[in-house]
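A.B. asks: This is a predicted model, with the sequence first.
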Amino acid sequence: MPEEAALPSATAPAPELAEEAQLGGTPAGRAANAALRAISRTARSFLLYDPRNDAVRDQIEDLRGKLTEALRVAGTLALEVRPFELLLNDEVVYLERDRERSLAFRMYRDGLRRLTLQPELTWDEILLLLEVLSVRYTGVRQNEDDLVTLLRKAGFQHVELDAVEGFVPDDEDALSGAHPGRSEIRVEAPQDWDLPARTLGEPAAVVVQAVPEADKERLRAEEAAHALPANAVRSVVALLEAVADPTDPTSLEDVAGFVGEVRDFLLAEGQLVSLTDLVRALADESRFPATSTAPLLASFADKRAIGKILHSVAKGAEAAPPELVTLLDLLPADHLGHLIDLLAEERSEASRRCARSLIERYAPKRPDELLRRLRSSEPAVVRDLLRVCAHALPERAIESARELALHPDDGVALEALWILSGAPPSPAVGRALVRMLESSSTEIRLRVVEALARRKEHAAFDPLVRHVERRVHRSMTTREAETYGQALARLSPDAALALFEDWTHERRLMERLVPMPHDRLLRWAAVAGLGILQGAKPAQLVEKVAEQSDAALRRHCEAVLARREKERG
């Protein structure tokens with residue numbers, strides 16, 4: 001019987017994940033080589049395995065350790081990119097000749113010439129770098145952005161890159177059938193176009209002159225990643241100057257596309273300072289006619305643009321950054337309408353806080369529009385707009401709070417209660433608070449009663465008594481009864497003492513033999529109120545109730561008496 005073919009090991013690595021060459025003659029070189037091989041291996045594994053695979057997770061953890069170690073040993077990893085090699089301080093730390101597997105080749109092909117990883121590189125940035133590299137491992141002729149574009153869009157804080165325009169080798173074009181069906185114009189030069197050869201003079205001696213380090217550093221800084229926003233703005237301004245030049249044939253339509261790309265780049269990166277510089281230049285009528293730049297300025301102030309800016313606000317921001325306020329003030333547009341629309345769409349709390357602070361800034365200029373949107377918006381937006389209105393338009397906010405006092409959404413009603421509780425004393429505000437006692441929410445009713453007592457709304461005493469006597473026949477908790485009793489005692493101590501004496505009066509024998517639930521709740525409220533009234537009579541009434549009560553009410557009476565003794569002593 002023929003031998004069965006040996007089965008491949010389940011743990012053997014796939015051919016595609018074979019290791020690149022181990023290199024490095026220095027500790028920094030060896031550490032960098034280990035980290036780069038881990039990056040390449042992990043990025044390629046995303047093509048073969050599910051990202052949730054245990055092996056992939058192990059590789060990611062291994063990558064984290066090796067890259068952290070490389071940054072510790074080498075400090076900054078300033079990697080020079082060559083077609084098949086990566087160099088660190090002129091030492092080859094990565095080598096792979098196979099174009100399909102080579103991390104260096106994919107970087108070089110897309111135009112990357114230097115990749116610098118700073119020691120402060122965070123774990124989130126490591127994962128984002130791995131994500132970008134894995135995208136570019138999926139193939140050469142894909143429709144996605146090239147590696148340089150993806151790295152720049154990622155917005156790294158501790159990764160810098162130097163790049164040139166990418167390329168695709170001629171043989172790769174032929175093999176992949178790139179650009180099928182696209183006609184290309186080719187110009188063939190005559191074979192003798194450079195003949196006859198001219199006579200050359202005597203060769204000159206080669207003189208090597210060292211370039212000062214300061215000059216080299218200045219040259220590098222011109223193309224550094226952090227300089228890209230300012231360079232882009234300068235490019236737009238230069239193009240617009242050409243448009244404004246009557247002797248130059250360049251038109252606004254010729255440059256509008258580029259201006260839009262720069263705008264979107266700055267918006268996506270949250271570069272508010274550069275955006276402001278660009279808008280300020282566009283709005284400068286001494287340089288550019290307003291009629292020509294008005295459409296461009298409008299594109300910076302639409303809802304989409306403002307939404308992108310809000311997304312760039314830091315999570316801990318409590319208000320709009322000053323540079324954003326400056327930017328919006330330069331843009332002629334209906335910011336209030338856009339911001340209220342965005343408030344309904346945004347879910348990030350930082351973006352919502354920023355939008356609220358901006359609405360508060362623009363509301364005094366268009367108060368009627370704010371109040372119109374307040375009445376027609378969904379509850380979540382109404383809550384925000386009420387709070388904005390309280391800060392920006394306090395008098396109009398009180399009026400709106402009175403209208404919304406019985407809003408079916410508890411959040412809106414609580415916001416209205418917050419405004420009314422802090423409003424100056426007036427009969428209209430007092431009536432609005434009393435009306436809120438009809439709320440179906442126990443929590444709102446309790447807060448209303450506390451507000452009435454705190455504000456000393458004496459006119460609310462009789463309506464509150466009627467409310468309590470009606471409420472005990474429905475559903476009332478002992479906590480609610482206690483709150484009502486204390487509020488009545490604070491609103492009018494003398495009237496409350498007479499009321500509580502009536503509520504605690506010994507009822508007919510039948511009522512004592514068959515106690516009624518509402519009678520018990522009235523006594524509970526009376527005892528709570530008597531507990532904060534001064535004098536001997538309130539204490540005597542509490543003692544009398546204790547003698548005629550069930551166990552729970554008796555404990556309530558004893559607790560009130562104990563608290564009175566403690567406050568006296």
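C.D. replies: Ah, there it is.

A.B. asks: hey, which helix or strand in the chain has the poorest pLDDT?
C.D. replies: Lowest on mean pLDDT, DSSP states H and E among the helices and strands of the chain sits helix 170-176, with a mean of 41.

A.B. asks: Now the element after that helix, going C-ward?
C.D. replies: Next in sequence after helix 170-176, counting helices and strands by DSSP states H and E, comes helix 213-222.

A.B. asks: average pLDDT across that next one?
C.D. replies: Helix 213-222 carries an average pLDDT of 84.

A.B. asks: Same question for stretch 545-560.
C.D. replies: 89.

A.B. asks: Gly155 and Glu269 touch, don't they?
C.D. replies: Yes: counting by Cβ atoms under 8 Å, Gly155 does reach Glu269; the two are 5.6 Å apart. No exception for glycine: its C-beta is placed from N, CA and C like everyone else's.

A.B. asks: neighbour-wise, which of these two wins?
C.D. replies: Neighbours around Gly155 and Glu269, counted as other Cβ atoms under 10 Å, are more numerous at Glu269. The numbers are 18 against 15.

A.B. asks: For the more buried one, give its distance to Lys153.
C.D. replies: The spacing between Glu269 and Lys153, counted by Cβ to Cβ, to the nearest Å, is 8 Å.

A.B. asks: Low-confidence regions, the stretch 351-500 of the chain specifically.
C.D. replies: Under the criterion pLDDT under 70, no range of the stretch 351-500 of the chain is flagged.

A.B. asks: can you give me the helices in it?
C.D. replies: Listed in chain order, the helices of the stretch 351-500 of the chain (DSSP state H, counting those that start in this stretch) span 367-376, 379-392, 394-403, 410-421, 427-435, 442-454, 461-471, 478-491, 493-503.

A.B. asks: Backbone dihedrals for Ser377, please?
C.D. replies: Dihedral pair for Ser377: phi -90, psi 170, per degrees, to the nearest 10.

A.B. asks: hang on, the earlier thing: quick one: closest of the helices of the stretch 351-500 of the chain to Gly111.
C.D. replies: For the helices of the stretch 351-500 of the chain, distance to Gly111 was read as Cβ to Cβ. The smallest value, 46.0 Å, belongs to helix 379-392.

A.B. asks: buried residues in that closest one?
C.D. replies: For helix 379-392, the buried set under the neighbour-count rule, 16 or more other Cβ atoms under 10 Å, comprises 379, 381-390, 392.

A.B. asks: same thing with stretch 62-73?
C.D. replies: Under 16+ other Cβ under 10 Å, the buried positions of stretch 62-73 are 63-64, 66-71, 73.

A.B. asks: before we move on, what about stretch 454-469?
C.D. replies: 455, 457, 460-461, 463-465, 467-468.

A.B. asks: Poorly predicted segments of the stretch 151-300 of the chain, please.
C.D. replies: Low-confidence segments of the stretch 151-300 of the chain, defined by pLDDT under 70: 165-193, 288-292.

A.B. asks: Outline the domain layout of the protein.
C.D. replies: Structural domains annotated on the chain: 15-169, 366-455, 472-569, as defined by automatic domain parsing.

A.B. asks: Including distance to Arg352, could these go into CSV?
C.D. replies: Shown next, in CSV, are those (distance: least, Cβ to Cβ, whole Å):
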stretch, distance to Arg352
domain 15-169, 22
domain 366-455, 7
domain 472-569, 33
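
A.B. asks: Looking at those domains, which is nearest to Arg218?
C.D. replies: Minimum separation from Arg218 across the domains of the chain (Cβ to Cβ) falls at domain 15-169, 14.3 Å.

A.B. asks: Distance from the closest one to the middle of the chain?
C.D. replies: Counting by Cα atoms, centre = their mean, to the nearest Å, domain 15-169 is centred 29 Å from the centre of its parent chain.

A.B. asks: ok, now stretch 242-262?
C.D. replies: Computed by Cα atoms, centre = their mean, the chain-centroid distance of stretch 242-262 equals 35 Å.

A.B. asks: How about that stretch, which residues are buried there?
C.D. replies: Here stretch 242-262 shows 243, 252, 255, 259, 262 as buried, counting by 16+ other Cβ under 10 Å.

A.B. asks: The third one: which element?
C.D. replies: Secondary structure from DSSP H and E places Val255 in helix 252-269.

A.B. asks: Let me see the residues that make contact with that helix.
C.D. replies: Contacts of helix 252-269 with the rest of the structure, by Cβ atoms under 8 Å, 6 or more residues apart in numbering, involve 153, 155, 229, 232-233, 235-236, 239-240, 242-243, 271, 274-275, 278, 292, 295-296, 299-300, 305, 308-309, 312.

A.B. asks: what's downstream of that helix, the next helix or strand?
C.D. replies: Scanning forward in sequence from helix 252-269 by DSSP H and E, the next helix or strand is helix 272-282.

A.B. asks: Output that following helix as PDB, nothing but the C-alphas.
C.D. replies: C-alpha atoms of helix 272-282 as PDB (Å, rounded to 0.1, in the frame of the first residue of the first chain):
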ATOM      1  CA  LEU A 272      -7.900  76.000  11.600                       C
ATOM      2  CA  VAL A 273      -5.000  78.500  11.600                       C
ATOM      3  CA  SER A 274      -4.100  77.700   8.000                       C
ATOM      4  CA  LEU A 275      -7.800  77.800   7.000                       C
ATOM      5  CA  THR A 276      -8.100  81.200   8.600                       C
ATOM      6  CA  ASP A 277      -5.000  82.400   6.700                       C
ATOM      7  CA  LEU A 278      -6.500  81.200   3.500                       C
ATOM      8  CA  VAL A 279     -10.000  82.700   4.100                       C
ATOM      9  CA  ARG A 280      -8.400  86.000   5.100                       C
ATOM     10  CA  ALA A 281      -6.500  86.100   1.900                       C
ATOM     11  CA  LEU A 282      -9.600  85.200  -0.200                       C
END
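
A.B. asks: Quick one: neighbours of Arg234, just the number.
C.D. replies: Around Arg234 there are 15 other residues, counting by other Cβ under 10 Å.

A.B. asks: average pLDDT for stretch 22-39?
C.D. replies: The pLDDT scores in stretch 22-39 average 85.

A.B. asks: In helices, which of the buried residues of stretch 62-73 fall?
C.D. replies: Those of these mapping onto helices are 63-64, 66-71, 73, per DSSP state H.

A.B. asks: Fine by me, thanks again.
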